[in-house]
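**Q** here is the input, now give the coordinates:
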Amino acid sequence: VLSGSNTYIVGKPDQIKNGDEAYANDVTAPTVTSVSAGTPQVTNATITASVSDNESLNMNSAVYYAAASDYNASASTPRGKYAYKFGNSGYVTQTTLGTATTTTITLSGLTKNTAYRYAVEACDTTGNCTLKEPTTGNPYYEFTTADGPAIMTGPSATTDTYDTMTITWKTDKASDSIVY
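**A** Numbers count the residues shown, from 1 in each chain. Sure thing, here's the model as predicted:
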């Protein structure tokens, strides 16, 4: 289970130009494209997406995700299909209205060699949100974490002398390790 927090500013069109709004009646949700999980590791995956908005410079992003075995395809809402939500605590800022910027969210504490399903959400400062899922094929994005040794405890370091140090950790299976 991950811990984290998101801060969403919820608002509604009020015909007044507030904060970073380009227009007083911002009712347009951000656009999310180019969603990718890159190369998932044993216990983490980094999700990236391009986000843009034509009426707000700042957007907040989050990933809804679940292990494939926990994915609830019959949920009554799209967000309800996923067991977890994890997002950036701050806003990603585009330099020019309508110009895509990359958002990155790293999911950690995942189970090795496990398929996960996910969707990416972007919200602007007035509360307009887009939950991005594929429009063709499966109704979710998917990645599988790597199957390798996972660090179970550590690493920890002790200073043995002025020019040496001992670094120890424990993995879940026998493995060769390298310290850089």
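**Q** helix or strand with the lowest mean pLDDT in this protein?
**A** Of all helical and strand segments in the chain, the minimum by mean pLDDT, DSSP states H and E falls on strand 92-93, at a mean of 64.
**Q** report all helices and strands that the helix or strand residue 61 falls within contacts.
**A** Residue 61 is part of strand 58-67 when elements are defined by DSSP states H and E. Helices and strands in packing contact with strand 58-67 are listed as strand 44-52, strand 84-87, strand 92-93, strand 101-108, strand 115-124; criterion 3 or more C-beta pairs under 8 Å, 6 or more residues apart in numbering; DSSP states H and E. Every C-beta, even on glycine, is put in place using the N, C-alpha and C of the backbone.
**Q** so that strand versus strand 44-52, what angle?
**A** Relative orientation of strand 58-67 versus strand 44-52 (axes from the mean of the first three to the mean of the last three C-alpha atoms, to 10 degrees): 140 degrees.
**Q** could you list the paired strands of strand 58-67 along with their orientation?
**A** On the basis of DSSP bridges, the sheet neighbours of strand 58-67 come out as strand 84-87 (antiparallel), strand 92-93 (antiparallel), strand 115-124 (antiparallel).
**Q** need the ones you listed in JSON lines with mean neighbour count and distance to residue 100, can you?
**A** Formatted as JSON lines, the strands paired with strand 58-67 follow (neighbours: other C-beta atoms under 10 Å; distance: least, C-beta to C-beta, whole Å):
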{"stretch": "strand 84-87", "mean neighbour count": "18", "distance to residue 100": "18"}
{"stretch": "strand 92-93", "mean neighbour count": "14", "distance to residue 100": "10"}
{"stretch": "strand 115-124", "mean neighbour count": "24", "distance to residue 100": "11"}
